[in-house]
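Student: following is a predicted model, sequence given first.
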Amino acid sequence: MQFNKSRRAVVIIAVVVLGLGLGGTLLFGEQGTSEKGEKVAVVPQDKPALTVITAQPQAMRLPIQLTANGDIAIWQEASIGAEADGWRVESVRVDVGDIVQKGEILATFASEMIRANLAQASATVAEAEAEAQKAVANAGRARNPRASGALTAQQINEYLATEQAALARVEVARAAEAVQRLRLKQTRVVAPDNGVISARNVTAGAVMGSGAELFRLIRQGRLEWRAEVIASDLGRIKPGVAVTLSAPNGEQVKGRVRMIGPIVDPKKRSALVYVDLPAGAPVRAGMFATGQFELGVSEALTVPQQAVVIRDGFSYVFRLNPDGRVSQVRVDTGRRLGEAVEIVRGVGHEAVLVSKGAGFLGDGDLVKNASPPGSPASSARK
């Protein structure tokens, strides 16, 4: 019995010693041997959280742009209507979307009656001219001094008056003929300018009233972008400034400022800026588009786009410190050009920033710098 109690005490002591040894290991780390052969505690080394590539901000010349929104509209639209009343449409030769040239026939009206009236007016002119020739001959004899003794003064006056009346009737007949020729011309509806047909309101066989609109024409096929620019920015824009328009289908359209609207909307505090677009641009009237006014270039401090991390609605970069750890720094970004992002405020040109892998880091993480040797950021390699 005594022997069992002694054995149990030995086991308890062994467990206590083992527990103390394990606790010391956890508390002080693994044991090692010093140069003198003594046992010492070894503190474990932190491992890098990620291998990254670093870069320093670079100076670049970036374009100065002013962004605005607006609608694409027709430069000028011509309304083509009927000039006479009660005429029947004989034919329609164009449709919506057709490209037409100035003077091209768009539609015709029935002209049989007008041609008959013109023939009658021409005959009246010929008759009046014949009568006028006879009256001119008689008046010529009356003016001859040799015949003055054979004619009385009353006869001479009659011949001269008849001449004047005959010549007047010729002018009246010619005017009536010109009216009929004009009416005949009006039976052909022609394009007043080069352009594109944007609307058609006529069909063959219809009887049109005077002034009725038959077609609408986009003059010269020209479109324009009407950008809304706030009043404080109007002074930065001048006629002739280049504009890059982003079409709804993703294509880029180049244009130039034609004029700045003379009126500022009192409610929106903005004015319209009219931008001419090139013919054949992949846009349509009525589209909404965003564009940038090219106002020049200026120096800027830029970093790669991958170096900027968006968190909680703010932009951050990770600066590599001499101890191999990174610091999360909030920055203000500006313009963009390709993969380069302008840093307006937050870091300077001497900072070493994580350019690849920043999205996986947190403030204070230890990293391994794998930048190529000789790069500006390789001096911070750890």
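Tutor: Okay, I see it.
Student: where exactly do the helices run in the stretch 101-250 of the chain?
Tutor: According to DSSP state H, counting those that start in this stretch, the stretch 101-250 of the chain carries its helices in the segments 112-143, 153-185.
Student: looking at those helices, which is closest to Ile53?
Tutor: Using C-beta to C-beta as the criterion, the shortest distance between Ile53 and these is 77.8 Å, found for helix 153-185. From N, CA and C alone the C-beta is placed, and that goes for glycine too.
Student: look at Ile64 and give its secondary structure.
Tutor: Taking DSSP: H, G, I helix; E, B strand; the rest coil as the rule, one finds Ile64 in the strand state.
Student: separation between it and Leu234?
Tutor: 16 Å (C-beta to C-beta, to the nearest Å).
Student: next, format the helices of the stretch 101-250 of the chain as TSV and append mean pLDDT.
Tutor: Rendered in TSV, the data for those read as follows (pLDDT from 0 to 100):
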stretch	mean pLDDT
helix 112-143	91
helix 153-185	91
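Student: with distance to Val331 added, can I get the ones you listed in CSV?
Tutor: Output for the helices of the stretch 101-250 of the chain, formatted as CSV (distance: least, C-beta to C-beta, whole Å):
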stretch, distance to Val331
helix 112-143, 79
helix 153-185, 72
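Student: would you reformat those helices as TSV and include mean neighbour count and distance to Gly103?
Tutor: As requested, those are arranged in TSV below (neighbours: other C-beta atoms under 10 Å; distance: least, C-beta to C-beta, whole Å):
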stretch	mean neighbour count	distance to Gly103
helix 112-143	15	20
helix 153-185	15	12
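Student: Gly221: which of those helices is closest?
Tutor: Ranking those by proximity to Gly221 (C-beta to C-beta) places helix 153-185 first, at 26.3 Å.
Student: and the angle from the closest one to helix 112-143?
Tutor: With axes from the mean of the first three to the mean of the last three C-alpha atoms, to 10 degrees as the criterion, the two stretches helix 153-185 and helix 112-143 enclose an angle of 160 degrees.
Student: which helices and strands sit right next to helix 153-185?
Tutor: In this structure, helix 153-185 makes packing contacts with helix 112-143, judged by 3 or more C-beta pairs under 8 Å, 6 or more residues apart in numbering; DSSP states H and E.
Student: quick check: Trp87 vs Glu104, distance?
Tutor: In this structure, Trp87 and Glu104 are separated by 20 Å, where distance is defined by C-beta to C-beta.
Student: actually Ala123, not the one I typed
Tutor: Counting by C-beta to C-beta, the separation of Ala123 from Glu104 is 33 Å.
Student: how about Glu251?
Tutor: The span separating Glu251 from Glu104 equals 30 Å under the rule C-beta to C-beta.
Student: please enumerate the strands of the stretch 1-150 of the chain.
Tutor: Along the stretch 1-150 of the chain, the stretches classed as strands by DSSP state E, counting those that start in this stretch are 30-33, 39-42, 50-55, 58-74, 77-81, 87-92, 99-100, 105-109.
Student: please convert those strands to a markdown table, extending it with mean neighbour count, mean pLDDT and distance to Ile156.
Tutor: Rendered in a markdown table, the data for the strands of the stretch 1-150 of the chain read as follows (neighbours: other C-beta atoms under 10 Å; pLDDT from 0 to 100; distance: least, C-beta to C-beta, whole Å):
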| stretch | mean neighbour count | mean pLDDT | distance to Ile156 |
| --- | --- | --- | --- |
| strand 30-33 | 11 | 45 | 149 |
| strand 39-42 | 11 | 44 | 148 |
| strand 50-55 | 19 | 89 | 112 |
| strand 58-74 | 16 | 92 | 68 |
| strand 77-81 | 16 | 93 | 55 |
| strand 87-92 | 17 | 93 | 51 |
| strand 99-100 | 16 | 94 | 61 |
| strand 105-109 | 19 | 95 | 51 |
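Student: quick one: which of those is nearest Phe215?
Tutor: Judged by C-beta to C-beta, the one of the strands of the stretch 1-150 of the chain that comes nearest to Phe215 is strand 77-81, at 4.3 Å.
Student: what's the angle from that closest one to strand 105-109?
Tutor: With the same axes, to 10 degrees applied, the angle from strand 77-81 to strand 105-109 works out at 20 degrees.
Student: next one: strand 77-81 to chain centre, how far?
Tutor: In terms of C-alpha atoms, centre = their mean, to the nearest Å, the gap separating the centre of strand 77-81 from the centre of its chain is 26 Å.
Student: mind exporting the C-alpha coordinates of that strand to CSV?
Tutor: Extracted in CSV, the C-alpha atoms of strand 77-81 (Å, rounded to 0.1, in the frame of the first residue of the first chain):
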residue,chain,number,x,y,z
GLU,A,77,-34.4,70.9,-90.2
ALA,A,78,-36.2,72.2,-93.2
SER,A,79,-40.0,71.9,-93.6
ILE,A,80,-41.0,71.2,-97.3
GLY,A,81,-44.6,71.9,-98.0
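Student: by contact count, what packs against that strand?
Tutor: Taking 3+ C-beta pairs under 8 Å, 6+ apart as the contact definition, the neighbouring helices and strands of strand 77-81 are strand 213-219.
Student: by contact count, what packs against the strand it packs on?
Tutor: Looks like strand 213-219 contacts strand 77-81, strand 105-109, strand 195-200 (3+ C-beta pairs under 8 Å, 6+ apart).
Student: export those as JSON lines, with columns for distance to Ala139.
Tutor: What follows is the helices and strands packed on strand 213-219, written out as JSON lines (distance: least, C-beta to C-beta, whole Å):
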{"stretch": "strand 77-81", "distance to Ala139": "48"}
{"stretch": "strand 105-109", "distance to Ala139": "44"}
{"stretch": "strand 195-200", "distance to Ala139": "55"}
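Student: out of those strands, which is closest to Val273?
Tutor: Of all these, the one in closest proximity to Val273, counting by C-beta to C-beta, is strand 77-81 (20.2 Å).
Student: the closest one pairs with which strands?
Tutor: Each strand paired with strand 77-81, and its direction, by DSSP bridges: strand 213-219 (antiparallel).
Student: what's the mean pLDDT across the strand it pairs with?
Tutor: Model confidence over strand 213-219 averages 94 on the pLDDT scale.
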